[in-house]
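Trainee: how would this look folded up:
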Amino acid sequence: MMKLIDRTLNRVTMYRLVLYYTGGLVGITFLLGFARLVPEDPTALTFSFVLVLGTCWVTNRLFTEFLRVPANTESFTITALILTLILPPVTSADGAGVAGLLLASFIAIASKFLLAIGRKHVFNPVAIGAVIAALVLNRPATWWVGGNLTLLPVVLLGGMMVTRKVQRFDMIGAYVLANLVATLLTTPLDMVGMGIEQTFLYSPLLFAGFAMLTEPLTAAHGKWSRLVFGAIVGALSSPNVHIGSLYPTPEMAFLAGNLFAYAVSPKGRFKLTLLRIEKMAAGCYDYVFQPDQKLAFQAGQYLDWTLDVTNPDNRGNRRPFTIASAPSEKEVRLGVKFYHEPSTFKASLSSMQPGDVIFGSQIAGSFTLPKDPTEKLAFIAGGIGITPFRSMIQELVNRGEPRSIVMLYGNNRLADVAYSEIFHHARHHLGLRIVYAVAEPEAPGYDVHEGYIDEDLIRREIPDWTERTFYISGPHAMVVRFQQALRQLGVPRSRIRLDYFPGFA
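Mentor: Residues are numbered from 1 along each chain as shown. As a prediction, the model looks like this:
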């Protein structure tokens, strides 16, 4: 069952998964409304969704045309769906209700463009839209989707799939735990049971966490900062928590958490102009860009890349990719492997010409070199998963900083090996030890291991594996397989680093 779920999740980006999740909740509520199994009126729900979606579309189109930036259709659609799920459904006869939906929708989309300090989003769009509608028109969010027991199984199942996709169980855990602790501390002893029941069955806690806390552009991404971020939002979302006479609503709690996330996160939205395309291996190319401003990142981190794609498929027009260049390089590199029948994003990327533009944002990722230069490392890469290691090793070359690194790099053929010149240079000047594992070796004389990377190869080529910290990057199945293999070898979980970036891409 888990393998089936993983295969399903691997086919879609997080943005598309959240689109299915929230869209499914709206659709199911619509059907259950006709059967009178939920209190929501399907007519009012339909009217509200069409109104919200239309307002979000128009607002998004106006800003993207005026600012000349690519439109992300999934982004504004998800915003519209979440607003529909938390604001009370209305009919056309409810003038105040219609005004509330219009204002919340407009503010939510406009905030993505106007409340972007240092070219970085500050507030969760849904949260700021709902807060403004409540303050200005007294039309607060009711979070009706969170108080409906009939919808709870769908909220849980879809939410767990989203969390699994983005690998943010720690952040969700901190969020739920902080909310529970705050509730217990502020609830009379004789009402604790009722308080817990209310928290998990009749509150927005779970839906808000799954659908909004995981939104990457306004969340914290560092290992510890995302735990603090989750705890802030969770604690302030507890119904009995107050600051003086102010009792924060869940959407207010998100705004407070967003301010913290903004303070601790990298800033910037970048316009990158294509300079040239370099072939690095069979089907593997480096797109070399000139950024409009310097990117402040660490070797191994990734960037969300947004491209103007006509009729994007289910992977969307925004994708997270590792920055293949080193921080000390002036140009920015995107290393891409093209396969048969590529996604619409990669098809559009393949048609780019020098002078064309792509946009980048949200530098993130903790798959970076340790600060201690004496720490012994082992890199395991598969295919295009070599890009973060290219960034790291090039940065060490540029610094002239030798480190104890053994790298196992697996491919199907020798022609698939990328960046070999950089690794050859690092081998002779920094002492990098590299072993190429090739399933189908073609040229004798190459220092290669015939076959795939396995436990025996790790034991043979890294005899001091018990002393090293392992970094693994490559296809998801490969990363999971080697994580399990290393655990069986006795490598502590704390010394296994996985290259994973969620991205609502």
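Trainee: element containing residue 74, please.
Mentor: Assessed by DSSP states H and E, residue 74 sits inside helix 73-86.
Trainee: for that helix, list every residue counted as buried.
Mentor: Neighbour-count burial for helix 73-86, counted by 16 or more other CB atoms under 10 Å, picks out 73-86. In short, each C-beta sits where N, CA and C put it, glycine included.
Trainee: how about stretch 487-495?
Mentor: Result for stretch 487-495 [16+ other CB under 10 Å]: buried residues 491, 495.
Trainee: tell me which residues are up against it.
Mentor: 455, 458, 459, 465, 466, 468, 469, 470, 496 (CB atoms under 8 Å, 6 or more residues apart in numbering).
Trainee: need the distance between the two termini of that stretch.
Mentor: 10 Å (CA to CA, to the nearest Å).
Trainee: please apply the same query to stretch 184-196.
Mentor: Start-to-end, stretch 184-196 (CA to CA) is 8 Å.
Trainee: flag every buried residue along that stretch.
Mentor: For stretch 184-196, a neighbour-count test (16+ other CB under 10 Å) marks 187, 195 as buried.
Trainee: pLDDT on it, on average?
Mentor: For stretch 184-196, the mean pLDDT works out to 85.
Trainee: what of stretch 129-144?
Mentor: On average, stretch 129-144 scores 95.
Trainee: got it, and stretch 408-421?
Mentor: Averaging pLDDT along stretch 408-421 gives 89.
Trainee: run the chain-centre distance for it.
Mentor: How far stretch 408-421 lies from its chain's middle: 28 Å, per CA atoms, centre = their mean, to the nearest Å.
Trainee: cool, and stretch 166-183?
Mentor: So, by CA atoms, centre = their mean, the centroid of stretch 166-183 is 18 Å from its chain's centroid.
Trainee: same question, stretch 481-495
Mentor: On CA atoms, centre = their mean, the centre of stretch 481-495 falls 25 Å from the chain's centre.
Trainee: what ranges do the strands span in the stretch 401-505 of the chain?
Mentor: Per DSSP state E, counting those that start in this stretch, the stretch 401-505 of the chain carries strands over the ranges 405-413, 433-440, 448-450, 469-473, 496-498.
Trainee: what of the stretch 101-250 of the chain?
Mentor: Here the stretch 101-250 of the chain has its strands, by DSSP E, counting those that start in this stretch, at 116-117, 120-121.
Trainee: picking that back up, could you list the alpha-carbon positions for the helix holding residue 74 in CSV?
Mentor: Taking C-alpha atoms only, helix 73-86 is exported to CSV below (Å, rounded to 0.1, in the frame of the first residue of the first chain):
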residue,chain,number,x,y,z
THR,A,73,-2.4,28.7,-12.3
GLU,A,74,-2.2,26.1,-9.6
SER,A,75,-1.2,28.7,-7.0
PHE,A,76,-4.2,31.0,-7.4
THR,A,77,-6.6,28.0,-7.7
ILE,A,78,-5.3,26.5,-4.5
THR,A,79,-5.8,29.8,-2.8
ALA,A,80,-9.4,30.0,-4.1
LEU,A,81,-10.1,26.4,-2.9
ILE,A,82,-8.8,27.0,0.6
LEU,A,83,-10.7,30.3,0.9
THR,A,84,-13.8,28.4,-0.1
LEU,A,85,-13.2,25.8,2.5
ILE,A,86,-12.7,28.2,5.4
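Trainee: so what's the closest residue to residue 317 other than its chain neighbours up against?
Mentor: Nearest non-adjacent residue to residue 317, counting by CB to CB, 6 or more residues apart in numbering: residue 309, 3.8 Å away. Residues in contact with residue 309 (CB under 8 Å, 6+ apart) are 70, 316, 317, 344, 345, 348.
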